[in-house]
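[1] Predicted coordinates and the sequence they were generated for:
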Amino acid sequence: MHNEAHVNDPDGNTQRLSSFDQTEVELDRAIDELRGISQKGEDVDRDALGEIPDRRRKSDRLLLNIPVEVQIVIGTAEMTVAELMELADGSTVALDRKVGEPVDIVVNGVKIASGEITAMPGDPTRFGFRVLSTES
């Protein structure tokens with residue numbers, strides 16, 4: 001059975017939410033619930049999840065299942081609009097990193113680690129990423 005979320009607009013009409021909006025609503029609810037838990041001074045001990053009340057386990061599951069965008073950034077370049085418009089098949093753009101320098105792993109726009117590009121062991125035709133260091 002498909003779960004659909006609905007909200008009431010300012011006129012009192014019921015509006016169906018898109019899947020993106022549903023994710024946003026779920027995230028907002030989970031954040032509000034976690035804020036309430038943390039304001040009560042309760043610490044989350046992930047090793048003792050079995051002892052955490054159902055409400056907290058549900059919010060943990062909800063947070064852990066929220067999709068995030070992960071990007072491997074091999075470099076960036078700054079260009080003018082005119083330079084961008086001149087790009088054509090065969091154009092080369094110089095990046096701000098040299099070959100062999102670590103690349104960044106970025107989640108939802110925030111750098112969380114540095115590493116190196118690798119070939120996947122089970123499928124050498126696919127790229128992978130080896131974490132060399134994580135951000136604090």
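    Good, I have the coordinates. Numbers count the residues shown, from 1 in each chain.

[2] Next, count neighbours for the residue nearest to T76 when sequence neighbours are not counted.
    The shortest distance from T76 to any non-neighbouring residue, by CB to CB, 6 or more residues apart in numbering, is to D96 (5.4 Å). (Glycine included, C-beta is placed from N, CA and C.) Residues within reach of D96, counting by other CB atoms under 10 Å, total 10.

[3] where's D96 relative to V103, distance?
    Applying CB to CB, to the nearest Å, the value for D96 to V103 is 11 Å.

[4] Likewise for G122?
    According to CB to CB, G122 and V103 sit 21 Å apart.

[5] now swap in V110 and tell me
    Relative to V103, and taking CB to CB, V110 is found at 15 Å.

[6] When those two are compared, which one has more neighbours?
    Counted by other CB under 10 Å, V110 and V103 do not tie: V103 has more neighbours, with 18 against 9.

[7] re earlier: shared neighbours of D96 and V103, which are they?
    Residues touching both D96 and V103 by CB atoms under 8 Å, 6 or more residues apart in numbering: G75.

[8] sorry, back to before: pretty sure the residue nearest to T76 belongs to a helix, no?
    No. Counting by DSSP: H, G, I helix; E, B strand; the rest coil, one finds D96 to be coil, located in no helix.

[9] What ranges does this protein have for its strands?
    6-8, 14-16, 70-73, 103-107, 110-120, 123-134 (DSSP state E).

[10] Tell me which of those strands sits most buried.
    Across the strands of the chain, averaging neighbours per residue (mean count of other CB atoms under 10 Å) puts strand 103-107 on top, at a mean of 16.

[11] List of residues touching that one?
    68-75, 97, 111-117, 129, 131.

[12] what about R97, distance to A82?
    24 Å.

[13] wait, I meant L63
    If you go by CB to CB, the gap between L63 and A82 works out to 45 Å.

[14] quick one, which of the two is more surrounded?
    Under the neighbour definition other CB under 10 Å, L63 and A82 were set side by side, and L63 has more, 14 against 7.

[15] Do you know the pLDDT at that one?
    pLDDT, L63: 83.
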